[in-house]
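J.: Show me the folded form of this:
(one chain, ligands or ions: 2)
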Amino acid sequence: MRSYSLIAPAKINLYLEIIGDRADGYHELVMILQSIDLADKIDLRAIGTQSIQVHCEDAEVPQDDSNLAYRAAKLIADNFPERFAQFGGVEINIKKNIPVAAGLAGGSTDAAAVLVGLDMMWQLGLTQPELQDLAAKLGSDVPFCLAGGTAIATGRGEELDPLPSLDSLYVVLAKYRNLAVSTPWAYQTYRSQFGDTYIRDANSLEARAHRVHSGPMVQAILNDNMGEIGKLLYNDLEKVVLPNYPEVLQLRKAFERSGALGTMMSGSGPTVFALCQSEGEAQRILQEVKRAISAPDLGFWVSRLSKHGIQVI
Ligand SMILES: C[C@@](CO)(OP(=O)(O)O)[C@H](O)COP(=O)(O)OP(=O)(O)OC[C@H]1O[C@@H](n2ccc(N)nc2=O)[C@H](O)[C@@H]1O
Ligand SMILES: Nc1ncnc2c1ncn2[C@@H]1O[C@H](COP(=O)(O)OP(=O)(O)O)[C@@H](O)[C@H]1O
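T.: Numbering: from 1, shown residues only. Ligands and ions are numbered 1, 2, ... in the order given. Reported below is the predicted structural model:
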């Protein structure tokens, strides 16, 4: 076929613990990642010229070779030059629904969708592990975006173990439209403040013991214990983002007072989410936080947790 449409869901972090730094400059993590049904739509169209083109109406999204969707297509083209030559170029249209630079993996999920789409368009027949390897080359969160659902992510975030689905739950997300937190800044600031507590050897017994910290959350998910899941939400990056971004801290406190199952910043922020048992509860909390903080540039979204990664439609 000459065109494909894909749904690329956002993620939230239910748990993010930084264990130490790694020889490759990244951080060793233990995360629990969760897809939500807030998603971008990616349309791929075969074009006659031997080129990769990206279009997106959202001015915040780069349309050049720095776009992660472009980089995904380039990676495939470089790995399979004979297919690129045979099938010609591709136009990538991104309908952006996921807020940009929000800690919701918007760029990563667009890249994952391009991998899946080009695998079909250029008839590559890649296996899931092959797609996962390519995804890891594009970014730490891209492998999870490909697989989706609920998963424990270790290493720099690319090693995945699936967990049972939590798709009966909802979230309210809130983000100031003009506020972005740089992911490298968040990790570097964390390193400069907490680096002395890092465990140097990721394979040591001490590091393994740290990984067990996430155990209660994993158990709560296995037991489908919503109350416990809400209480055990955790994110080390809050320690550097909240003190530096007072408006995110204020948002976080407003959510805390709202009576949700739990509340947390997602990834490197600045999106804050509240976990809710039903859509009605999510709408109630949204209205309550909206009343508590009247800021015209504060955006809200209600979304359901999802068991899906990239889907072809
Ligand atoms: C913080 C998280 C939590 O899920 O998500 P976001 O807030 O970006 O959504 C991720 O760790 C972000 O993943 P992703 O955005 O794919 O990161 P990458 O492109 O691989 O790396 C961006 C930068 O983050 C830092 N980084 C990332 C991952 C990691 N395990 N250790 C790091 O130190 C590095 O400085 C790196 O240069
Ligand atoms: N397809 C894309 N969608 C959104 N942002 C992108 C994309 N490609 C590259 N970017 C760049 O990546 C940066 C991080 O955006 P995003 O992936 O949405 O957030 P996060 O890494 O916080 O989850 C943005 O500042 C943007 O310039």
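J.: For this structure, just list every one of the strands.
T.: Using DSSP state E, the strands of the chain run over 3-21, 27-47, 52-56, 89-95, 150-155, 159-163, 170-176, 234-235, 262-265, 272-276, 298-306, 311-312.
J.: counting contacts, what elements does the third one pack onto?
T.: Put plainly, it is strand 52-56. With contacts taken as 3 or more CB pairs under 8 Å, 6 or more residues apart in numbering; DSSP states H and E, strand 52-56 sits against helix 68-79, strand 89-95. Just so you know, the C-beta spots here come from the backbone N, C-alpha and C atoms, and that holds for glycine as well.
J.: Name all residues that make contact with residue 159.
T.: Counting by CB atoms under 8 Å, 6 or more residues apart in numbering, residue 159 touches residue 153.
J.: and it, what pLDDT?
T.: Residue 159 is assigned a pLDDT of 96 by the prediction.
J.: swap in residue 88?
T.: The score at residue 88 is 85. That number is its pLDDT.
J.: Then the one 4 residues further on?
T.: We note a pLDDT of 98 for residue 92 in this prediction.
J.: Help me confirm that it comes into contact with residue 53.
T.: Yes. Between residue 92 and residue 53 there is a contact under CB atoms under 8 Å: 6.8 Å.
J.: related to what we said a few turns ago, list just the one of the helices and strands packed on strand 52-56 that sits closest to ligand 1.
T.: Ligand 1 sits nearest to helix 68-79 of all the helices and strands packed on strand 52-56, at 8.4 Å, using CB to the nearest ligand atom.
J.: Give me the buried positions along that closest one.
T.: Of the residues in helix 68-79, 68, 69, 70, 71, 72, 73, 74, 75, 76, 77 count as buried by neighbour count, 16 or more other CB atoms under 10 Å.
J.: now those as CSV including pLDDT?
T.: As requested, the buried residues of helix 68-79 are exported to CSV (pLDDT from 0 to 100):
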residue, pLDDT
68, 98
69, 98
70, 98
71, 98
72, 98
73, 98
74, 98
75, 98
76, 97
77, 96
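J.: Pick out the most distant pair among these.
T.: 68 and 77 (14.8 Å; CB to CB).
J.: For the one residue in the stretch 151-300 of the chain that gets nearest to ligand 2, which residues are in contact?
T.: Across the stretch 151-300 of the chain, the shortest distance to ligand 2 (CB to the nearest ligand atom) belongs to residue 183, at 5.3 Å. Contact analysis of residue 183 by CB under 8 Å, 6+ apart lists 267, 268.
J.: Check this structure for the residue nearest ligand 1 and tell me.
T.: Nearest residue of the chain to ligand 1, counting by CB to the nearest ligand atom: residue 267, 2.5 Å away.
J.: my guess is that residue contacts residue 13, does it?
T.: Yes. Look at residue 267 against residue 13 with CB under 8 Å: they come within range, at 5.1 Å.
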